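K.L.:
Quick one: sequence and predicted model below, then my questions.
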Amino acid sequence: MIEANDVLQPTLIVVAGRPGAGKTTLAHALARAVRCPAVSRDEIKEGLVCTAGDAIEPGADVQGHATDVFFDTLALLVGRGVSVVADAAFQHKVWMPRLEPLLAIARVRLVLCEIDRERALARRIARGLDDPVRERFHPARVERDSPTGDYEPPHLEVPTLRVDTSDGYRPSFDTIVDFARARHARAQSTA
């Protein structure tokens with residue numbers, strides 16, 4: 001029997017992975033498929049930079065501010081009963097304290113995008129070459145210096161689906177959508 005609280009509790013679909021793993025592309029496609037909003041930490045950062053323009057002080061913590069806005073947005077949406085797809089790297093040590101409160105107000109499902117370090121780095125370089133304006137939002141210095149090899153995914157006791165994003169999606173996109181839509185499934189891991 002499904003309880004009234006189960007019906008009203010929203011789903012938070014966390015799409016995580018190292019930089020260059022294809023999180024944002026998957027998150028937006030997944031949000032369209034399950035018919036809920038996608039909230040991207042990097043897109044929030046871009047909005048902050050676009051708004052502030054040249055007024056950003058050197059050394060300003062734009063990353064930290066974007067992360068605060070990201071989690072505030074997630075908390076607002078799921079707190080108001082809206083299911084959402086959340087897209088960010090979600091490094092365990094850094095982000096876990098921010099995810100824990102959301103576990104109490106949403107059914108959390110984790111989609112972990114996996115790709116080898118070299119391919120992820122190649123994607124990040126190509127992305128910068130394809131979109132030179134990206135430099136304004138994600139400076140190349142940060143891109144080159146960020147530790148693509150030191151990614152530690154979130155460790156959550158929630159249903160988890162591992163997706164190889166090296167060349168398309170394994171398992172298939174339809175399987176990912178089915179996983180995201182499932183309401184009361186046990187944790188699963190697929191490589």
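P.N.:
Yep, that arrived. Numbers count the residues shown, from 1 in each chain.
K.L.:
Listing request: residues of the protein with sub-threshold pLDDT.
P.N.:
Within the chain, the segments meeting pLDDT under 70 span 1-7, 54-60, 123-149, 183-191.
K.L.:
could you point out the longest helix in it?
P.N.:
The longest helix of the chain (DSSP state H) is helix 62-79.
K.L.:
residue contacts, Ala31?
P.N.:
Pro37, Ala38, Val84, Val85 (CB atoms under 8 Å, 6 or more residues apart in numbering). Backbone N, C-alpha and C define where each C-beta goes, glycine included.
K.L.:
10 Å - rerun?
P.N.:
Ile13, Val15, Pro37, Ala38, Val39, Ser40, Ser83, Val84, Val85, Ala86, Asp87, Ala180 (CB atoms under 10 Å, 6 or more residues apart in numbering).
K.L.:
In which helix or strand does it reside?
P.N.:
helix 23-34 (DSSP states H and E).
K.L.:
Now do the longest helix of the chain: which elements does it pack against?
P.N.:
Contact partners of helix 62-79 among helices and strands, from 3 or more CB pairs under 10 Å, 6 or more residues apart in numbering; DSSP states H and E: strand 11-17, strand 38-40, helix 41-52, strand 84-87, helix 92-103.
K.L.:
For Cys113, find the nearest of these.
P.N.:
strand 11-17 (3.1 Å; CB to CB).
K.L.:
Throw the helices and strands packed on helix 62-79 into CSV and include distance to Leu77, thanks.
P.N.:
Shown next, in CSV, are those (distance: least, CB to CB, whole Å):
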stretch, distance to Leu77
strand 11-17, 9
strand 38-40, 7
helix 41-52, 13
strand 84-87, 5
helix 92-103, 10
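K.L.:
List the residues that contact Tyr169.
P.N.:
Gly22, Thr25, Leu26, Ala29, Val111, Cys113, Val163, Thr175, Ile176.
K.L.:
contacting residues for the fifth one?
P.N.:
The contact partners of Val111, by CB under 10 Å, 6+ apart, come to 13-17, 23, 26-27, 30, 85, 87, 159-163, 169, 176, 179-180.
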